[in-house]
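Peer 1: sequence below, structure please.
(chains A and B)
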2 protein chains.
Amino acid sequence: MKYLKATSLVIFFLSLIFISCDTQIKESQQKQTPKQEVKDPLPSWNNSDSKNNILAYVKDVTNASSNNFIPIKDRIATFDNDGNLWSEQPIYFQLFFVLDRIKEMAAEHPEWKGQQPFKAVLEDDMETLKKSGMKGIGQLLMTTHAGNTTEEFDAIVKDWVATAKHPTKNVGYDKLVYQPMLELLQYLRANDFKTFIVSGGGVDFMRAFVTEIYGIPEEQIIGSRIKTEFDYNNGNPVIKRLPELDYNDDKEGKPLNIQKIIGKKPVFASGNSDGDLQMMQWAASNKHKSFMLYVHHTDSIREWAYDRESHIGKLDKGLDQALKDGWTVIDMEKDWKVIYPFELD
Amino acid sequence: MKYLKATSLVIFFLSLIFISCDTQIKESQQKQTPKQEVKDPLPSWNNSDSKNNILAYVKDVTNASSNNFIPIKDRIATFDNDGNLWSEQPIYFQLFFVLDRIKEMAAEHPEWKGQQPFKAVLEDDMETLKKSGMKGIGQLLMTTHAGNTTEEFDAIVKDWVATAKHPTKNVGYDKLVYQPMLELLQYLRANDFKTFIVSGGGVDFMRAFVTEIYGIPEEQIIGSRIKTEFDYNNGNPVIKRLPELDYNDDKEGKPLNIQKIIGKKPVFASGNSDGDLQMMQWAASNKHKSFMLYVHHTDSIREWAYDRESHIGKLDKGLDQALKDGWTVIDMEKDWKVIYPFELD
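Peer 2: Model prediction:
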């Protein structure tokens, strides 16, 4: 009898747990991190309007009984990269890659010592380099990005990221990502948003190393790219990188590429410059309730402070429209407890 | 004492079950339909080499203790559409859309009655239409695909699919998908493969209706496309479709677009024509064990029989390489119990 009682107890608990286990499995299938919502999902954000706007939006559009509910398949979130997920000063980090790479390649190009714009790079003569203008920069870009296969280029970028250091921050470039934005990406994914990068930066440059940092797979990284060519190569096919621009993923190029590649309007768009404005406008026109988020670089101490007059990441028309249309503008200095992940250590 | 014993028993079972529950949750996070493997995942396939090759491959590369194990992030599967996921005879279904659409648009274009190639379409004069060649077909394509916004075009295609019928099969075109391939797509996804369409067909044409049929979201549909233009349109932005080819997703265009958009080599590639050969070659060069699958149209009764000499879906060089390299070639007549889903009713 006692034995029976014990058995019944076990069965009772068993059934309770199987039900709960089943529920847990179903929930976990829909949502990768169900525990996320219990604790603060954005711990590196101060308790400001920016944070509260984000939390309120996500809570609203993921609530099945809200009029603003968005089906999971339409929860597309697009993020610019430079100045939005990582820093971009004093020059785009991809340009540091170009300069470092020219110096590395110079061993096989003795003629560069007397040939601009290469000479300027080798002599760290930034004034002459600037004067070479878009033509000079374009030449350096193509020299360092083309003339190899996709696999070779991938390995070159990986090597660079593993060793190169930012000139003033003195850490690897991959350390200069924004901790609050990493939390935001994770928070959105925990709420079944599909996160994409939509950047003016080179798509193959980004794919070489940002997937692990941001938790965004290669196929959700969209960017600028050069032309390519398929070579069957006697059964060892390669894709060759050619010295010509194929797509400039900036300004109007962003919503156009979003339509080409994703085929759906974003409901959440985040950027930091006028180059992101058309992507924001496209998201703002979504039939679903959408969220437009600008990062405003206001922290001259911990990061950099710049906006309307900057030569990089200029935020002028975008800031006007954000203020006019009530989009959320992050004040980096006030809204973010920390900027970089290493500040948490 | 008895009470204690019962409690210990309960705790013992509890811990057993929590462990098992935890394992189940982890497994279910990685795998959406863990029950799938118990029953036959490919019930519409006869027990042939084709089926057994597929099952053996998937079992091998998803087995964590196999030397051929492929991490989930690299399980990219790419499928051609026309003649591979649905029929393509007597002409590509997208061309039926073009012909139907010209007839619909003719009400607003009385001048077409005397103007080729429109006149030939309106008079069902296929001989004259054929003679108009690529130039004529191109003109019809651009007339029906451009000159509207992405949203308008999407609605037009949806309307057509809802009403149009195949001339000889006498069912909607969306009914002419291959049941065995639907099962294969589902089986691969149940094993954490990410399934993509990589088709010569128009990407926006496909996106208008195939997502639900194949269970493939818009952002995993890759195809040919025309140029587009962003128009802010006083705060109601639209993307306008322009009458010029932007990308031809065929032959070399397939691996190139896979690299541009997905950024990873497929491990599983499936097609039915020489237009898919370069995609197959690209998959065959994967460092992971890969699977190349050709659909061979051998069923003149239930579907159509054609290969080396066909004007559509020509399979010649591809068949040679498949036989030489031991790729799996589906014999539709022998390998498939049913062709279309409605045969199951």
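Peer 1: return the residues of the stretch 51-200 of chain A in contact with chain B.
Peer 2: A:Lys73, A:Ile76, A:Thr150, A:Lys194 (C-beta under 8 Å from any C-beta of the partner chain). Every residue, glycine included, has its C-beta placed from N, CA and C.
Peer 1: from what I see, A:Pro43 and A:Leu182 are in contact.
Peer 2: No: counting by C-beta atoms under 8 Å, A:Leu182 is not a contact partner of A:Pro43; they are 11.0 Å apart.
Peer 1: which one of those two has more residues nearby?
Peer 2: The residue with more neighbours, out of A:Pro43 and A:Leu182, is A:Leu182; 18 against 12, by other C-beta atoms under 10 Å in any protein chain shown.
Peer 1: what packs against the helix or strand hosting that one?
Peer 2: For A:Leu182, the enclosing helix or strand under DSSP states H and E is helix A:179-190. In terms of contacts (3 or more C-beta pairs under 8 Å, 6 or more residues apart in numbering or on different chains; DSSP states H and E), helix A:179-190 is packed against helix A:49-61, strand A:76-79, strand A:194-202, helix A:210-214, strand A:268-271.
Peer 1: go again using 7 Å as the cut-off
Peer 2: Contact analysis of helix A:179-190 by 3 or more C-beta pairs under 7 Å, 6 or more residues apart in numbering or on different chains; DSSP states H and E lists strand A:194-202 as its packing neighbours.
Peer 1: CA atoms only for the first helix or strand past the strand it packs on going along the chain, dumped as PDB, please.
Peer 2: Once the chain leaves strand A:194-202, the next helix or strand it forms, by DSSP H and E, is helix A:203-207. This file holds the C-alpha atoms of helix A:203-207, laid out as PDB (Å, rounded to 0.1, in the frame of the first residue of the first chain):
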ATOM      1  CA  VAL A 203      29.900  42.300 -47.300                       C
ATOM      2  CA  ASP A 204      32.800  39.800 -47.600                       C
ATOM      3  CA  PHE A 205      34.900  41.900 -45.300                       C
ATOM      4  CA  MET A 206      32.200  41.800 -42.600                       C
ATOM      5  CA  ARG A 207      31.400  38.100 -43.200                       C
END
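Peer 1: just the strands in the stretch 151-300 of chain A please.
Peer 2: For the stretch 151-300 of chain A, strands defined by DSSP state E, counting those that start in this stretch occupy the ranges A:194-202, A:221-231, A:238-247, A:268-271, A:291-298.
Peer 1: closest to B:Val295 out of these?
Peer 2: The minimum distance between B:Val295 and those falls on strand A:221-231, with 22.5 Å, by C-beta to C-beta.
Peer 1: excluding residues flanking it in the chain, which one is nearest A:Val157?
Peer 2: Of all residues not flanking A:Val157 in the chain, A:Ala208 sits nearest, at 3.6 Å (C-beta to C-beta, 6 or more residues apart in numbering or on different chains).
Peer 1: please report how far the residue nearest the centre of chain A lies from A:Ser310.
Peer 2: In chain A, the residue lying closest to the centroid (C-alpha atoms, centre = their mean) is A:Asn81, at 3.8 Å. Going from A:Asn81 to A:Ser310 by C-beta to C-beta, to the nearest Å gives 17 Å.
Peer 1: sorry, back to before: what about the residue nearest to A:Val157? Give its phi and psi, please.
Peer 2: phi -60, psi -20 (degrees, to the nearest 10).
Peer 1: neighbours around it, how many?
Peer 2: A:Ala208 has 21 nearby residues by other C-beta under 10 Å.
Peer 1: same check on A:Ser199?
Peer 2: 29.
Peer 1: worst mean pLDDT across the helices and strands of chain A, which element?
Peer 2: helix A:2-30 (a mean of 44; mean pLDDT, DSSP states H and E).
Peer 1: now do the contacts for the residue nearest to the centre of chain A.
Peer 2: By C-beta atoms under 7 Å, 6 or more residues apart in numbering or on different chains, A:Asn81 lies in contact with A:Ile197, A:Ser199, A:Gly201, A:Met206.
Peer 1: again, but for A:Ala146
Peer 2: A:Ile226, A:Arg241, A:Leu242, A:Pro243.
Peer 1: how much space separates the spatially closest residue to the second one that is not a sequence neighbour from A:Val161?
Peer 2: When you say that, I think you mean A:Arg241. Spatial nearest neighbour of A:Arg241, chain neighbours left out: A:Ala146 (4.6 Å); criterion: C-beta to C-beta, 6+ apart. Per C-beta to C-beta, A:Ala146 is found 19 Å from A:Val161.
Peer 1: A:Ala283 now?
Peer 2: Look at A:Ala283 and A:Val161: by C-beta to C-beta, they are 30 Å apart.
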